[in-house]
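In: This is a predicted model, with the sequence first.
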Amino acid sequence: VQLVESGGGLVQPGKSLTLTCTASGFTFSEYAIQWHRQAPGKERELVATINNVALHDDYIDSVKGRFTISRENAKSTAILVMNNLKAEDTAVYYCSGVSIALGIRTQYWGKGTLVTVSS
């Protein structure tokens with residue numbers, strides 16, 4: 001099982017960045033995909049979620065209207081488009097696949113990609 005995040009980097013405030021999560025080793029279409037982030041000195045937080053068939057997505061308040069999560073099951077990829085980035089968006093961003101089947105929760109994690117928002 002592998003989840004690999006890419007697309008992080010240094011970006012100026014107000015600019016955009018797109019993160020990609022590429023999955024392998026499990027049935028991607030059976031898993032909800034989440035993007036989490038962890039800023040320096042802070043706990044990891046859930047930023048955005050999309051269900052397995054991309055019919056429902058959800059965001060924390062601080063990124064609503066700026067971030068968009070999407071997925072393409074045929075390619076086992078998920079995308080997080082981040083617009084109008086702010087300094088407080090600086091964090092390591094992690095992709096996660098989550099499934100609950102027969103009462104058993106299964107969650108896989110990527111290793112993260114660093115996003116730094118700074119002028």
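Out: All right, it came through fine. Residues are numbered from 1 along each chain as shown.
In: Three-state assignment for the spatially most central residue of the chain, please.
Out: Most central in the chain under CA atoms, centre = their mean is residue 35, positioned 2.4 Å from the mean C-alpha point. Under DSSP: H, G, I helix; E, B strand; the rest coil, the three-state class of residue 35 is strand.
In: List the contacts of it.
Out: 19, 21, 46-49, 69, 78, 80, 93-96 (CB atoms under 8 Å, 6 or more residues apart in numbering). All C-beta spots, glycine's among them, are computed from the backbone N, C-alpha and C.
In: pull the longest strand from this structure.
Out: Longest strand in the chain by number of residues (criterion: DSSP state E): strand 91-101.
In: so what does the helix or strand hosting residue 79 touch, helix or strand wise?
Out: Per DSSP states H and E, residue 79 falls inside strand 77-82. Judged by 3 or more CB pairs under 8 Å, 6 or more residues apart in numbering; DSSP states H and E, strand 77-82 is in contact with strand 17-24, strand 32-38, strand 45-50, strand 67-72.
In: Now residue 76. Nearest residue, chain neighbours left out?
Out: With CB to CB, 6 or more residues apart in numbering as the measure, residue 28 is the residue that lies nearest to residue 76, at 4.0 Å, once sequence neighbours are left out.
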